[in-house]
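Student: quick one, structure for this:
(2 chains)
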2 protein chains.
Amino acid sequence: MSQLKGACIIGQSGGPTSVINASAYGAIKTALDCPDITRVLGALNGIRGVLDDNLIDMGKEDPAELEYMKYTPSSALGSCRYKLKDPDVDDADYKRILEIFKKYDVRYFFYNGGNDSMDTCNKISKYMLKNGYECRVMGIPKTIDNDLAGTDHCPGFASAAKYIATSVMEVYRDCHVYDTGMVTIIECMGRHAGWLTAAAALAGIKGNGPDLVYLPEVDFDMDSFLAKVKAIYEKNNNCIVAVSEGIHDKDGTFIAEYASKDRAKDSFGHAQLGGLAAYLADACKKATGAKVRGIELSLLQRCAAHCASQTDIDESFAAGKAAVENAAAGVTDKMVGYERSYVDGKYNCAIKLFPLDVVANAEKKVPREWINEAGDGVNQGFFDYALPLIQGSTSLKYEDGLPRFVNLKKVKA
Amino acid sequence: MSQLKGACIIGQSGGPTSVINASAYGAIKTALDCPDITRVLGALNGIRGVLDDNLIDMGKEDPAELEYMKYTPSSALGSCRYKLKDPDVDDADYKRILEIFKKYDVRYFFYNGGNDSMDTCNKISKYMLKNGYECRVMGIPKTIDNDLAGTDHCPGFASAAKYIATSVMEVYRDCHVYDTGMVTIIECMGRHAGWLTAAAALAGIKGNGPDLVYLPEVDFDMDSFLAKVKAIYEKNNNCIVAVSEGIHDKDGTFIAEYASKDRAKDSFGHAQLGGLAAYLADACKKATGAKVRGIELSLLQRCAAHCASQTDIDESFAAGKAAVENAAAGVTDKMVGYERSYVDGKYNCAIKLFPLDVVANAEKKVPREWINEAGDGVNQGFFDYALPLIQGSTSLKYEDGLPRFVNLKKVKA
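Tutor: All right, here's what the predicted structure looks like:
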């Protein structure tokens, strides 16, 4: 364990979650208390804040105000979707990052984000090592998509899952109220992994769940889907379906592509999806004659801090804290993750470290054995996995009947 | 005060709210405790349950289970949208209702619903009076739309308002996270009255509110809207707009109608789908070139019991309770409503009774003086009105990390 004194930078990246700030707060608070860390800097809008020398001094924030980060959705420091180039092709960004690190004597870099962010983290870590600049780099994961490799689950997933399951229970109650029938399609996020859509099925534990659940892990067949909806509707006068935005046919074409005329690509080359729920609802209307409703959970599912899982908040905080503690103890080039165990049958979550290059750009999907044979639902395997994660309701404070979110001063470094 | 002994029927009608069951529970619990009420019957699916002799015995339910009604969204007894005919034209339904009332010796009828339900209530009340059948009829209002005449506000509005304001705050945080710009359109319910959309503006009290708010009380002009969005987006690199589903142009045509008319066919021959939010988002994309997102709060806003206002729950319960207490005391032909006062500057809500024929089929809109002159926002007048209503978070219990909603046995009478 070698001692390393210097400043640290904490940045956030990728899409927001309800608890990404709980992780950042865990890192910030621990760094502010760490004797080896001389200054705690926040990068505004992730790696862009480093490149643009747009850093704020976290030590200048009111500690009591900072604590509200734990319950504030989205990224308090701002995010970006900027993708660093391969340093072998173009190392301009890396040179600039090194320049900034030297300017502020940055010896610790904590990056809080998803797949792409772990890739950014990995590239920076390897570059610093190659150039002989001592800097400990740690990834702190977040993603509602729950698709990071290695870790048992990802900070942010459980809160989105709790919100989705809760909302599906409520919509179920709403949709079953009339004596006239209805078909409802609920669209959840998840391009390639169906974790969030599977979470909709948790509502079924309370008898208020969807009849059909379609994940991107299984090819989607429109004819089979419509036949099933029709049969369920004719039997129950009602049918609720949860679908992932990423469902695709056997040729790999997203069903959402059929629904959307222009498919703009984002800066990572991902197709922008949307409009799927309305599209499927329309198809169900034609097939059944039923009244239909398409509900897209949209951004709501990734920022519903008012319905966050306290387990998720606590674990996310612990992940941020562990990143700093491990870095201070000499660890570098790792992503903080979770390892699950059961102690006397009781769920337990321990911090485990994963090599950044193993994590970066890998994608963990819902195991096929947790999906039923017909590919239209999930089973007890998934429930056992997900239920411990959604326990406990957020301790979010209210003021004037509205959530009290953090307001940072953002004093420039 | 004349004593009247007999059974009572409680029915629910119209669209669900988060707290309609709190009112029903207030009525059921009070009726079960009332010495003059010999039996408490629940009509399944509103007036249809009476017409079809589909009644359940509320006395057979477990009292502890019944209490969960207070925190369960949607109508626990089921709802309907069945509209009774004018008795002067066709009195078959009324004869049938009288037959059922006589069969069970029903002397109290409580109907829990919105505008149309108060109309149903009024017609039944007048018919019974005309035919010399002594029966006390009371309306217990509910509607997220907040558009019932007489009463200061409607049970159900505040919970939807709290959910909308909370969700808008969260989406605001989400939409402001990137360094790249964005225009977001959030669509709220309310065909003719803009109360719910106005509630989105409450998020602004916390600095996380929409830039523009469009209610159906003011004619909507697309060119002016796009010019404003463009100006705000160019200044702030971001723009959030809350719109009512019922916004219309100066000729009275709903903008949502243009949305369905303008649905272009894509290359697969499928209709381009999406409601008002997607339509306006698309228009904003063309006008600004920004990344856009349309979010329709859909059913979520009327059943989000997990984000209900405890003030709303308590007042809704009190409304149901007052209906039974007043009926037992001899009152009939009235709707229970609220009267607001301020005691030492503190909000106070008292029960007030309104004649059913005054309430039925009238519509209360957002006063023009609470909307700003430009017609794109609300002012302090609305905030002062709405803020007291959204105070307090629901005491909803969780089980397995999920809401614990009521499960009725529904024992047939």
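
Student: any weak-confidence spans in the stretch 51-200 of chain A?
Tutor: Scanning the stretch 51-200 of chain A with the threshold set as pLDDT under 70 gives no residue ranges.

Student: the stretch 301-413 of chain A: helices as residue ranges?
Tutor: Defined through DSSP state H, counting those that start in this stretch, the helices belonging to the stretch 301-413 of chain A, from first to last, are A:310-328, A:356-359, A:380-386.

Student: out of these, nearest to chain B?
Tutor: For the helices of the stretch 301-413 of chain A, distance to chain B was read as CB to the nearest CB. The smallest value, 8.0 Å, belongs to helix A:310-328. The C-beta positions use only the backbone N, C-alpha and C, and glycine is treated the same way.

Student: against which helices or strands is that closest one packed?
Tutor: Secondary-structure packing of helix A:310-328 (3 or more CB pairs under 8 Å, 6 or more residues apart in numbering or on different chains; DSSP states H and E): helix A:20-33, strand A:106-113, strand A:136-141, helix A:157-175, strand A:334-343, strand A:346-355.

Student: export that helix to PDB, keeping only CA atoms.
Tutor: Taking only C-alpha atoms (Å, rounded to 0.1, in the frame of the first residue of the first chain), the coordinates of helix A:310-328 have been written out as PDB:
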ATOM      1  CA  GLN A 310     -33.500   2.700  -0.200                       C
ATOM      2  CA  THR A 311     -31.400  -0.500  -0.700                       C
ATOM      3  CA  ASP A 312     -30.300   0.900  -4.000                       C
ATOM      4  CA  ILE A 313     -29.500   4.300  -2.400                       C
ATOM      5  CA  ASP A 314     -27.500   2.700   0.400                       C
ATOM      6  CA  GLU A 315     -25.600   0.400  -2.000                       C
ATOM      7  CA  SER A 316     -24.900   3.200  -4.400                       C
ATOM      8  CA  PHE A 317     -23.500   5.400  -1.700                       C
ATOM      9  CA  ALA A 318     -21.400   2.400  -0.500                       C
ATOM     10  CA  ALA A 319     -20.000   1.900  -4.100                       C
ATOM     11  CA  GLY A 320     -18.900   5.600  -4.200                       C
ATOM     12  CA  LYS A 321     -17.300   5.300  -0.800                       C
ATOM     13  CA  ALA A 322     -15.500   2.100  -1.600                       C
ATOM     14  CA  ALA A 323     -14.000   3.600  -4.800                       C
ATOM     15  CA  VAL A 324     -12.300   6.300  -2.800                       C
ATOM     16  CA  GLU A 325     -11.300   4.100   0.100                       C
ATOM     17  CA  ASN A 326      -9.800   1.500  -2.200                       C
ATOM     18  CA  ALA A 327      -8.000   4.100  -4.300                       C
ATOM     19  CA  ALA A 328      -6.600   5.700  -1.100                       C
END
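
Student: how about the residues of the stretch 101-250 of chain A by chain B?
Tutor: For the stretch 101-250 of chain A, the residues in contact with chain B (CB under 8 Å from any CB of the partner chain) are A:162, A:165-167, A:169-171, A:173-180, A:184, A:202-203, A:205-208.

Student: for PyMOL, write a command that selects the buried ones of these.
Tutor: Here the buried members of these are turned into a PyMOL selection, burial being counted by 16 or more other CB atoms under 10 Å in any protein chain shown:
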select buried, chain A and resi 162+165+166+167+169+170+171+173+174+175+176+177+178+179+184+202+203+205+206+208
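
Student: tell me which residues in stretch A:87-105 are buried?
Tutor: Under the neighbour-count criterion of 16+ other CB under 10 Å, stretch A:87-105 has A:87, A:91, A:93, A:94, A:97, A:98, A:100, A:101, A:104 buried.

Student: format the residues you listed as JSON lines; extra columns: distance to residue B:335 and secondary structure.
Tutor: Conversion of these to JSON lines gives the following (distance: CB to CB, whole Å; DSSP: H, G, I helix; E, B strand; the rest coil):
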{"residue": "A:87", "distance to residue B:335": "72", "secondary structure": "coil"}
{"residue": "A:91", "distance to residue B:335": "74", "secondary structure": "coil"}
{"residue": "A:93", "distance to residue B:335": "67", "secondary structure": "helix"}
{"residue": "A:94", "distance to residue B:335": "70", "secondary structure": "helix"}
{"residue": "A:97", "distance to residue B:335": "67", "secondary structure": "helix"}
{"residue": "A:98", "distance to residue B:335": "72", "secondary structure": "helix"}
{"residue": "A:100", "distance to residue B:335": "67", "secondary structure": "helix"}
{"residue": "A:101", "distance to residue B:335": "69", "secondary structure": "helix"}
{"residue": "A:104", "distance to residue B:335": "67", "secondary structure": "coil"}
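
Student: ok, so of those, who is nearest residue B:193?
Tutor: residue A:93 (53.0 Å; CB to CB).

Student: these two touch, right, the closest one and residue A:85?
Tutor: Yes: counting by CB atoms under 8 Å, residue A:93 touches residue A:85, with 6.5 Å between them.

Student: strands of chain A, start to end?
Tutor: In chain A, strands defined by DSSP state E lie at A:6-12, A:37-43, A:55-57, A:106-113, A:136-141, A:182-188, A:212-214, A:238-244, A:292-296, A:334-343, A:346-355, A:398-399, A:402-403, listed in chain order.

Student: need the winner for burial among those.
Tutor: For the strands of chain A, the stretch with the most neighbours on average is strand A:136-141, a mean of 29; neighbours defined as mean count of other CB atoms under 10 Å in any protein chain shown.

Student: name the residues that touch stretch A:279-293?
Tutor: The contact list for stretch A:279-293 (CB atoms under 8 Å, 6 or more residues apart in numbering or on different chains) reads A:175, A:180-185, A:222, A:225-226, A:229-230, A:233-234, A:239, A:241, A:243, A:255-256, A:258-259, A:294, B:270-271, B:273, B:298-299.

Student: let's see that with 7 Å instead.
Tutor: Defining contact as CB atoms under 7 Å, 6 or more residues apart in numbering or on different chains, one finds that stretch A:279-293 is touched by A:180-185, A:222, A:226, A:229-230, A:233, A:243, A:258-259, A:294, B:271, B:273, B:298-299.
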